[in-house]
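> Below are the sequence and a predicted model for it; my questions follow.
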Amino acid sequence: MHLPRRPLGNRREFLRAAAGTALAARLAGPGFAQVPGERPPRSPEVTVLNPRTRVPVGLIIDDSTCLVNVNRFAMPQFNEAFAGAAATYHKPWREWPVEIPDAFVRKFGEWCAGAGVKGKYSIVPFPACVGRLDRGLPGWTRAELQASIALVREVMLPNWDIHPEMVTHTRVIDLKTGHPFPELSPKFMENWEWTTGRSADELAAYQAFALGILKEIGLPCEGVTTPGGYGNKALPQLAQASFESVRSVFGAEIPHYFRHLFDRGEESVAPRVENVSGLGTADPRCVVSIIGCTGDWTGGWDNTNPGGADKFITEDGQRGRMVDVIRRGEPALMLAHWTGIWFNGHEVGFQIFQEVVKRLHARFDHLHWMKLSEVARYWAARELTRIEFTGGTVRLQAPYACPDFTLRWPAGPNGAPVLTQRDLPTALREVSQPLQLTANTWHRHGRDITACFALPKGESTLNLAG
């Protein structure tokens, strides 16, 4: 059975459109029909907890780039691809501004930095075929483009991962010519059918082209974001291509990609660590699928009426999708589209998001804002570190280093843990509450010990002293 061949008003709507079908079960089931790969043995007495016993949260921003209001230019291309038959694309795009100004990027980025917000910010490299960011944007001066790129480095990079959202977010580029393929149909749009039947090598080459543009302008990447339905019928190939492209262009140790979200129900939204190989060698390999947990309720990509703050978290802090996921202890990664955040200059989505952050901070005291790369690294270390527990000693063999790695194990009523790395012992500092845990600290609860420390790559041990 196939997904309905129709335009998707929300770029992640294909999951909902397929609900109740065999394909939906295959896409939304455990692992999304992906290949998990190797897993190490683990002693059941030792539990890996969330970093610092807190719940990771973040914001995933799609459809952003430098200067260009992507969806103003995407709308007519989508409409033509479906021969005008889709009412979704009959919007007054000519009335929309061509630019999302850098002044708003600075305002947004500085407010988020002050509030501790982190996440992912797309930079579409060849936005809607308007122009390549490494070659110039018609309609803007070179100085304006260079200033916009520099602003992303200054304001966004410290707290946000940068992803290409493929090459154009609209038409597929012929890598032999650097121009869009002549055919303008769903078959040659990044959002729909082009990836169907493609090999991992073909997808990797295409994604590497996008990543190469961002490398050329000095924006580092550890992951990629898929536009619309890109890869939804080529999931194993997408996972492998994401690893290969990000590793080849940027040398990232733990590549990740954003393809899936669940904005309702009990399906796990924890990251999926996929295609694992080489554990116990000098070259461990994996790719991490990051999963969003909300709909685009700050304002749609096409400036549709927003769902509003209550869908994330109600004013009393008792209901909403974020509340549900945070209570489960899984990473709560919200989705927003940049055009909806700005909302044609009215900042509707930004105001909704500010209210959501205010409510989250008022309701919860155990949140940990993280970039997607930080979440990916933690989950890779969480699932792939070999853990042995013998004679009261925890022995770790980690393929990846990881900050704030947090473990709990039964240790008895006496003694304080000592971390030994490369034969160098480090005594950890005791704290009285779990939420006081930071690097190189520990907390006792009954006969259990919880310790937080910077996990090194390779071997380390935790023993009790005194």
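Cool, the structure landed. Residues are numbered from 1 along each chain as shown.
> Let me see the contact set for V130.
Residues in contact with V130 (CB atoms under 8 Å, 6 or more residues apart in numbering) are V68, F73, L137, P138, G139. All C-beta atoms are positioned from the backbone trio N, CA, C, and that covers glycine.
> Using a markdown table, lay out those together with pLDDT and neighbour count.
Converted to a markdown table, the contacts of V130 look like this (pLDDT from 0 to 100; neighbours: other CB atoms under 10 Å):
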| residue | pLDDT | neighbour count |
| --- | --- | --- |
| V68 | 98 | 25 |
| F73 | 98 | 19 |
| L137 | 98 | 21 |
| P138 | 96 | 6 |
| G139 | 95 | 12 |
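> ok, so of those residues, who is nearest S199?
Using CB to CB, F73 comes nearest to S199 of the contacts of V130, at 30.0 Å.
> And the host helix or strand of the closest one, what does it pack against?
Using DSSP states H and E, the element containing F73 is helix 70-81. Applying 3 or more CB pairs under 8 Å, 6 or more residues apart in numbering; DSSP states H and E, one finds that helix 70-81 contacts helix 338-342.
> got the contact list for the helix it packs on?
When contacts are defined by CB under 8 Å, 6+ apart, helix 338-342 is touched by residues 61-65, 69-72, 100, 104, 108, 122, 296, 298-303, 306, 347-350, 353.
> Can you pull the phi/psi pair for E374?
Main-chain dihedrals, E374, degrees, to the nearest 10: phi -70, psi -40.
> Could you tell me how far the spatially most central residue of the chain is located from I290?
Computing the C-alpha centroid of the chain and ranking residues by CA atoms, centre = their mean puts L372 first, at 4.2 Å. Note on L372: its distance to I290, by CB to CB, to the nearest Å, is 5 Å.
> Quickly list the domain ranges of the chain.
Domain assignment for the chain by automatic domain parsing gives 34-378, 390-465.
> Helix, strand or coil: sort out the closest residue to P51 other than its chain neighbours for me.
Distance criterion CB to CB, 6 or more residues apart in numbering; nearest residue to P51, sequence neighbours excluded, is D404 at 4.0 Å. Following DSSP: H, G, I helix; E, B strand; the rest coil, we place D404 in the strand state.
> So D404 sits against R52, correct?
Yes. Using CB atoms under 8 Å, D404 is in contact with R52, at 5.3 Å.
> Please enumerate the shared neighbours of the two.
Counting by CB under 8 Å, 6+ apart, the common neighbours of D404 and R52 are T438, C452.
> Now for L372 and I290: what residues contact both?
Jointly contacting L372 and I290 under the rule CB under 8 Å, 6+ apart are I60, K120, G223, H256, F258, L333.
> Now the two most distant members of the residues you listed.
Farthest-apart pair in the shared contacts of L372 and I290 is G223 and L333; separation 12.5 Å (CB to CB).
> Quick check: neighbours shared by these two?
I290, L372.
> Excluding residues flanking it in the chain, which one is nearest L464?
Using CB to CB, 6+ apart and skipping residues adjacent in sequence, the residue nearest L464 is G415, 3.3 Å away.
> Look up how far I449 lies from the one you found.
Per CB to CB, G415 is found 9 Å from I449.
> what do you get for D161?
Using CB to CB, D161 is found at 33 Å from I449.
> Pick out whichever of the two has more residues nearby.
Applying other CB atoms under 10 Å to D161 and I449 shows that D161 carries more neighbours, namely 28 against 23.
> Check the secondary structure at the more buried one for me.
Counting by three-state DSSP, the backbone at D161 sits in strand.
> I'd assumed S122 was in contact with it.
No. When contacts are counted by CB under 8 Å, D161 is not listed as touching S122 (9.5 Å).
> Identify the residues contacting R319.
R319 sits next to D310, I313 when contact means CB under 8 Å, 6+ apart.
> Let me see the backbone angles for it.
On the backbone of R319 - angles per degrees, to the nearest 10 - the values are phi -140, psi 170.
> In this model G446 seems to touch P410, though I could be wrong.
No. Contact criterion CB under 8 Å: P410 and G446 do not qualify, at 9.0 Å.
> the more surrounded of these two?
Using other CB under 10 Å as the criterion, P410 and G446 rank with P410 on top: 12 against 7.
> Check what pLDDT the more buried one gets.
Per-residue pLDDT puts P410 at 94.
> how about it, what does it touch?
E45, R447, D448, I449.
> swap the cut-off to 7 Å and go again
Residues in contact with P410 (CB atoms under 7 Å, 6 or more residues apart in numbering) are E45, R447, D448.
> Check those for the minimum pLDDT and say which it is.
Among the contacts of P410, R447 carries the lowest pLDDT, at 90.
> Count the neighbours of that one for me.
Close neighbours of R447, defined as other CB under 10 Å, add up to 11.
> returning to what we had before: between the domains of the chain, which one is closest to L384.
Proximity to L384 (CB to CB) singles out domain 390-465 among the domains of the chain, at 5.2 Å.
> quick one: the helices in the protein?
All helices of the chain, identified by DSSP state H, fall at 14-17, 22-28, 70-81, 102-115, 142-151, 200-216, 235-250, 309-312, 321-328, 338-342, 348-363, 372-384.
> which ones are touching the residue nearest to P51?
By CB under 7 Å, 6+ apart, D404 lies in contact with P51, R52, A439, C452.
> In ChimeraX, how would I select just the buried ones from the residues you listed?
Selection of buried members from the contacts of D404 for ChimeraX, criterion 16 or more other CB atoms under 10 Å:
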select :51,52,452
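> Run through the chain and note the low-pLDDT ranges.
1-33, 466 (pLDDT under 70).
> What is the burial count for G231?
Number of residues near G231 (other CB under 10 Å) recorded here: 27.
> Was I right to think it contacts L238?
Yes. Shown here, G231 and L238 form a contact pair, counting by CB atoms under 7 Å, at 3.5 Å.
> Tell me, how many residues neighbour the nearest residue in space to R395 that is not next to it in sequence?
Nearest non-adjacent residue to R395, counting by CB to CB, 6+ apart: E388, 4.3 Å away. Close neighbours of E388, defined as other CB under 10 Å, add up to 16.
> Over to A454?
A count of nearby residues for A454, using other CB under 10 Å, gives 15.
> Out of the shared contacts of L372 and I290, give me the one that has the most neighbours.
Using other CB under 10 Å as the neighbour test, these are led by H256, with 30 neighbours.
> so it touches S373, yeah?
Yes. Proximity of H256 to S373 meets the contact threshold set by CB under 7 Å, at 6.5 Å.
> quick one: common contacting residues for those two?
Counting by CB under 7 Å, 6+ apart, the contacts common to H256 and S373 are E222, G223.
> Give the intersection of the neighbour lists for G231 and L238.
Shared contacts of G231 and L238, defined by CB under 7 Å, 6+ apart, are found at R259.
> and the contacts of D404 as TSV, adding distance to L151?
Listed next are these as TSV, based on distance: CB to CB, whole Å:
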residue	distance to L151
P51	30
R52	31
A439	32
C452	35
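> Tell me which of the contacts of D404 fall in strands.
Secondary structure from DSSP state E places C452 of the contacts of D404 in strands.
> residues in contact with A381?
A381 makes contacts with A398, Y400, C402, F405, L455, as judged by CB under 7 Å, 6+ apart.
> Could you pull out the buried residues of stretch 106-126?
For stretch 106-126, a neighbour-count test (16+ other CB under 10 Å) marks 108-109, 112, 117-126 as buried.
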